[in-house]
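Trainee: quick one, fold the following:
(one chain, ligands or ions: 1)
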Amino acid sequence: MKDFYPWFLGAYGENHQLVEDLVNEAMRDHMYWRRNFHPESQPPIPTAAQFTPEYQEFVALLKSEMYRLSADLKAAIPFFSPRYIGHMASDLLIPGVVARIATLLYNPNHVSEDASPATIEKELEVGEQLAEMLGYSLSGPIKAFGHMTSGGTIANYEGLKNLMAARLFPVALGEAARELDADLKWEGQLIRDISPRRLANMSVEEALDIRAAAHKSAQELGIQNWADLVDAQRYETLGLTEFQRRHPELGRLRVMVPASAHYSWEKAMKLMGLGTSNLDMIAVDMDMRMELESLQQLLDYAHDAKDTVLLVVPVLGTTEFGAIDPVDGVVAARQTCRLRGQEFGIHLDAAWGGYLRSLFKAEDGTLRPHAELKAEFKYFPSAEVYNAFDATSKTDSATIDPHKLAFIPYPAGAYIARNRDIVEFVRQDAAYVFDGESADDSRFRKLGQYIMEGSKPGSTVASAYITHRVIPLNHKGFGKIIGNSIHSCEYFWDVAQAWAARMADKVVLAMPFEPDTNIACFALNPTGNRDLKVANAFGKELLKKLGPVQDGPIQNRSFIVSSTRLVEEHYGPRTHEAHKLLGLDAPAPGDESLLVLRHTLMNPWLLTPNEDGSNYIDLYFEFLEEIVLEKLAHFRFG
Ligand SMILES: N[C@@H](Cc1ccc(O)cc1)C(=O)O
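Mentor: Below you'll find the predicted structure:
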């Protein structure tokens, strides 16, 4: 933990002086920079302006509003504190904060290099740093690319949009070739003879390859307007309705996510016009991980129905439970599906768990052996979890959120593609770049052409960039913070079980599933109660003391946790098991869902001992005991 001392602002603002020095320095430096741009010019604001009544009135108004804002902010959530174990937010890393503030003053806009010549390169570097952490290659014929977004939601949208564009492009290309009736070739075959179903089942690399081959053929045949002919057939031109009307052979365009996936996937389906009815929910198992049998069933069904599966989304660290989906299993399923001509893209939703991979990385970039990692923890990582992390490099693209486990300020998400050329399918201009030329990375300096957002902050990029520079993305850097969070979770898990045993005659504490990473959930039920409504009412009573929204000043709160529901529709068998563990009657149709307390154990100071030797997790369970006993004394059953 000592390593962290100069890294974070500190729960007590211990590093205040360091932060202030760095910020002051940046602030002064910025003002001098202004002055040194044409120092010969007359300053437009006269020196004497500050003595005028209008000036002073404005300053007075500004100050009083700022005081009010400052007062209001005191009611903000104290994310930094080890007493905050609610959502995915915590203390901030100093490099992220100071680099952000310093860059904010220059206000670079990363829509394009014209508005950010000094920093746009750093965005591409952040993309590469994250790509490397996930195991994507930065050299050789297939090179990764990444950029920052405002958060995981936009990165997920982009994951869907890019893979959808890549998957549907060959269909448009085939149609253009048939219409033109020219002898365009790919791998020795005439493109117009390739079946639409084959074209609809191409990997990203095949799609890029056929695109380049067709272009080459067209050039050889002297067809000048080939790119326009293809464009005219694309869904991006025709609209999805017309495109699908012309291609009934595609069937339904499906996307598969685990039932535990973030709700942004539903939003993405609406936004893209694909419709939520084409979002297939893969069942999750008793560990809250994607169930591979269920995935296979859905893939078989889609295959038999002659539907097109655009992509499958394994989640590396679910939002609610931190569960790690079997990424390796999804990759293996794709290998099997390919044998029958069924293709799908894989977008990894690693918004939460992406940075966990730093723990798995040695300083030389290789994956650390399982045994070496296991030796550092009590339970983590099982073979399943290790294999999932091992397989991230085989996915097509990923979402990863620096504003979560990189402890930097919002907004900081990222989209990363294993093959940078995938963006050519969504490039927002007519000038086509084909094979050979596409290796030129300067294209990304016009970032806005390739991504969902337009104007976007360079300051968040500086924040991530500097943070990654001073705390490397391997087990010696970020891995230490992440490892500490897993230790906190393992400790929490043990203490919770001991607490449960001690309190069994008063209250049943059930942890319906083992944590995978650093999020732990449990439900509580007064011993002897069988009624779900009563258990939930009891949980809600506890949340009055533990939830973020309460009466009175925030300073009165001892601990802040979050909560969620075990929705039967999503977590069927697991819900039944949880009811059993809690001594509740089995859930009946139409019942409300079971309330669970959710604890995100990412704060770096959770295991720090207080004067009496107890740490914040011990203190939390002491507090929980106190409020449970207090509530039980006043609680009315039924
Ligand atoms: N479930 C984790 C191990 C683990 C167990 C308990 C924890 O608190 C944290 C992690 C795995 O399979 O790797």
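
Trainee: now do the contacts for the closest residue to residue 561 other than its chain neighbours.
Mentor: Spatial nearest neighbour of residue 561, excluding adjacent residues (Cβ to Cβ, 6 or more residues apart in numbering): residue 546 at 4.8 Å. For every residue, glycine as well, the C-beta is placed using N, CA and C. Residues counted as contacts of residue 546 (Cβ atoms under 8 Å, 6 or more residues apart in numbering) are 559-561, 597, 624, 627.

Trainee: try 10 Å
Mentor: 85-86, 539, 557-563, 597, 599, 620, 623-624, 627 (Cβ atoms under 10 Å, 6 or more residues apart in numbering).

Trainee: got the domain ranges for this protein?
Mentor: Under the assignment automatic domain parsing, the domains of the chain span 164-250, 479-634.

Trainee: redo these as JSON lines? Include mean pLDDT and distance to residue 10.
Mentor: Listed next are the domains of the chain as JSON lines, based on pLDDT from 0 to 100; distance: least, Cβ to Cβ, whole Å:
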{"stretch": "domain 164-250", "mean pLDDT": "96", "distance to residue 10": "44"}
{"stretch": "domain 479-634", "mean pLDDT": "94", "distance to residue 10": "8"}
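
Trainee: could I get those domains as JSON lines with distance to the ligand?
Mentor: Listed next are those as JSON lines, based on distance: least, Cβ to the nearest ligand atom, whole Å:
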{"stretch": "domain 164-250", "distance to the ligand": "30"}
{"stretch": "domain 479-634", "distance to the ligand": "4"}
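
Trainee: most proximal residue of the stretch 1-150 of the chain with respect to the ligand?
Mentor: Nearest residue of the stretch 1-150 of the chain to the ligand, counting by Cβ to the nearest ligand atom: residue 85, 13.3 Å away.

Trainee: ok, the residue nearest in space to the middle of the chain - contacts?
Mentor: Central residue of the chain (Cα atoms, centre = their mean): residue 351, 1.5 Å from the mean position. Applying Cβ under 10 Å, 6+ apart to residue 351 gives the contacts 88, 151-153, 155-156, 262, 264, 315-319, 398-405, 413-414.

Trainee: name the nearest residue to it, sequence neighbours excluded.
Mentor: Take residue 351 and drop its neighbours on the chain: the residue closest to it by Cβ to Cβ, 6+ apart is residue 152, 3.4 Å away.

Trainee: re the thing from before, any idea of the pLDDT on the residue nearest to the centre of the chain?
Mentor: Looking at residue 351, its pLDDT is 98.

Trainee: also the one 4 residues further on?
Mentor: Reading off the per-residue confidence, residue 355 sits at a pLDDT of 98.

Trainee: the one 3 residues further on now?
Mentor: The predicted local distance difference test score for residue 358 is 98.

Trainee: isn't it right up against residue 486?
Mentor: No - the criterion here is Cβ atoms under 10 Å, and residue 358 misses it with residue 486 at 12.0 Å.

Trainee: so what's the closest residue to the ligand within the stretch 151-300 of the chain up against?
Mentor: Residue of the stretch 151-300 of the chain nearest the ligand, by Cβ to the nearest ligand atom: residue 287 (7.1 Å). When the contact criterion is Cβ under 10 Å, 6+ apart, the partners of residue 287 are 321, 323-326, 382, 384-385, 513-516, 574.

Trainee: now swap in residue 265 and tell me
Mentor: 153, 156-157, 159-160, 255-258, 276, 279, 281, 313, 315, 347, 349.

Trainee: about what we covered before: let me have the domains of the chain in CSV, extended by distance to residue 109.
Mentor: Below are the domains of the chain laid out as CSV (distance: least, Cβ to Cβ, whole Å):
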stretch, distance to residue 109
domain 164-250, 25
domain 479-634, 31
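
Trainee: can you check which helix is longest in this protein?
Mentor: The longest helix of the chain (DSSP state H) is helix 152-180.

Trainee: partner strands of the helix or strand following that helix and their direction?
Mentor: For helix 152-180, the following helix or strand on the C-terminal side (DSSP states H and E) is strand 185-186. Using DSSP bridges, strand 185-186 pairs in its sheet with strand 189-190 (antiparallel).

Trainee: who touches the strand it pairs with?
Mentor: Here strand 189-190 has contacts from 177-178, 182-184, 198, 210, 213, 217, using Cβ under 10 Å, 6+ apart.

Trainee: packing partners for the helix or strand that that strand is followed by?
Mentor: On the C-terminal side of strand 189-190, the closest following helix or strand by DSSP H and E is helix 196-199. Under the contact criterion of 3 or more Cβ pairs under 10 Å, 6 or more residues apart in numbering; DSSP states H and E, helix 196-199 touches helix 152-180, helix 204-220.

Trainee: change it to 7 Å
Mentor: Identification of packing neighbours for helix 196-199 by 3 or more Cβ pairs under 7 Å, 6 or more residues apart in numbering; DSSP states H and E yields helix 152-180.

Trainee: sorry, back to before: in strands, which of the contacts of residue 351 fall?
Mentor: Under the assignment DSSP state E, the contacts of residue 351 contribute 398-400, 413-414 to strands.

Trainee: could you pick out which of those residues are near the ligand?
Mentor: Residues of the ones in strands among the contacts of residue 351 in contact with the ligand (Cβ under 6 Å from any ligand atom): none.

Trainee: let me have these in a markdown table, extended by pLDDT.
Mentor: Output for these, formatted as a markdown table (pLDDT from 0 to 100):
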| residue | pLDDT |
| --- | --- |
| 398 | 98 |
| 399 | 98 |
| 400 | 98 |
| 413 | 98 |
| 414 | 98 |
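
Trainee: possible to save these as a markdown table with neighbour count?
Mentor: Shown next, in a markdown table, are the ones in strands among the contacts of residue 351 (neighbours: other Cβ atoms under 10 Å):
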| residue | neighbour count |
| --- | --- |
| 398 | 32 |
| 399 | 30 |
| 400 | 32 |
| 413 | 24 |
| 414 | 32 |
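
Trainee: nearest to residue 585 among those?
Mentor: Taking Cβ to Cβ as the measure, residue 585 lies nearest residue 399 of those, at 39.4 Å.

Trainee: what's the spacing between the closest residue to that closest one other than its chain neighbours and residue 526?
Mentor: Excluding the flanking residues, the one nearest residue 399 by Cβ to Cβ, 6+ apart is residue 155, at 3.8 Å. Distance from residue 155 to residue 526, counting by Cβ to Cβ, to the nearest Å: 43 Å.

Trainee: compare the two (neighbour count), which wins?
Mentor: Using other Cβ atoms under 10 Å, the more surrounded residue of residue 155 and residue 526 is residue 155, with 30 against 20.
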